[in-house]
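>>> only geometry, no sequence info:
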């Protein structure tokens, strides 16, 4: 069939082609982010239009903050997606955390299509080391 008359075919190059087979993996994107330093720590803001809390995964692992999301296309009940266009994608981003920052110092909120992650600055600890006589 001619790609211009068959909706399951694409005339795009393989590098730009969106999935055309039902069940194919979603297009991957690197999530754009703003990183802002504040007196209290750092704020990471990521645009997440069309993403719900259930579609997000935010976690701290081995000294890094990892964010991943899946944006699903609006599909009427009983319909099948033949091609995932701009409405459907998956994305991820990783940020190295400063030494001393643990999961308990990271919080996240989703409001109006923006994911905001707050990272608290670790307390500057100075601990005196006792010296024993030999």
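Sure, I can see it. Keep in mind the model is a prediction, meaning the values are calculated, not measured.
>>> Residue 63 - how many residues pack around it?
Residue 63 has 12 neighbours, counted by other C-beta atoms under 10 Å. No exception for glycine: its C-beta is placed from N, CA and C like everyone else's.
>>> Next one: it from residue 97, what distance?
Applying C-beta to C-beta, to the nearest Å, the value for residue 63 to residue 97 is 5 Å.
>>> what about residue 115, neighbour count?
Using other C-beta under 10 Å, residue 115 has 21 neighbouring residues.
>>> what's across from it in the sheet?
Residue 115 forms beta bridges with residue 46, residue 110, as assigned by DSSP bridges.
>>> do the same with the one 4 residues further on
Beta-bridge partners recorded for residue 119 (DSSP bridges): residue 42, residue 106.
>>> what are the phi and psi values for residue 54?
Main-chain dihedrals, residue 54, degrees, to the nearest 10: phi -70, psi -20.
>>> Can you check the pLDDT for it?
Note on residue 54: pLDDT of 90.
>>> same deal with residue 113?
pLDDT at residue 113 comes out at 88.
>>> excluding its backbone neighbours, what's nearest it?
Distances taken as C-beta to C-beta, 6 or more residues apart in numbering put residue 49 closest to residue 113, at 4.4 Å, once the chain neighbours are dropped.
>>> burial count for the one you found?
Residues near residue 49, counting by other C-beta under 10 Å: 9.
>>> The one 5 residues further on too?
Around residue 54 there are 8 other residues, counting by other C-beta under 10 Å.
>>> ok, now residue 82?
If you count neighbours by other C-beta under 10 Å, residue 82 ends up with 13.
>>> Relative to residue 64, how far out is residue 34?
Distance of residue 34 to residue 64, computed by C-beta to C-beta: 18 Å.
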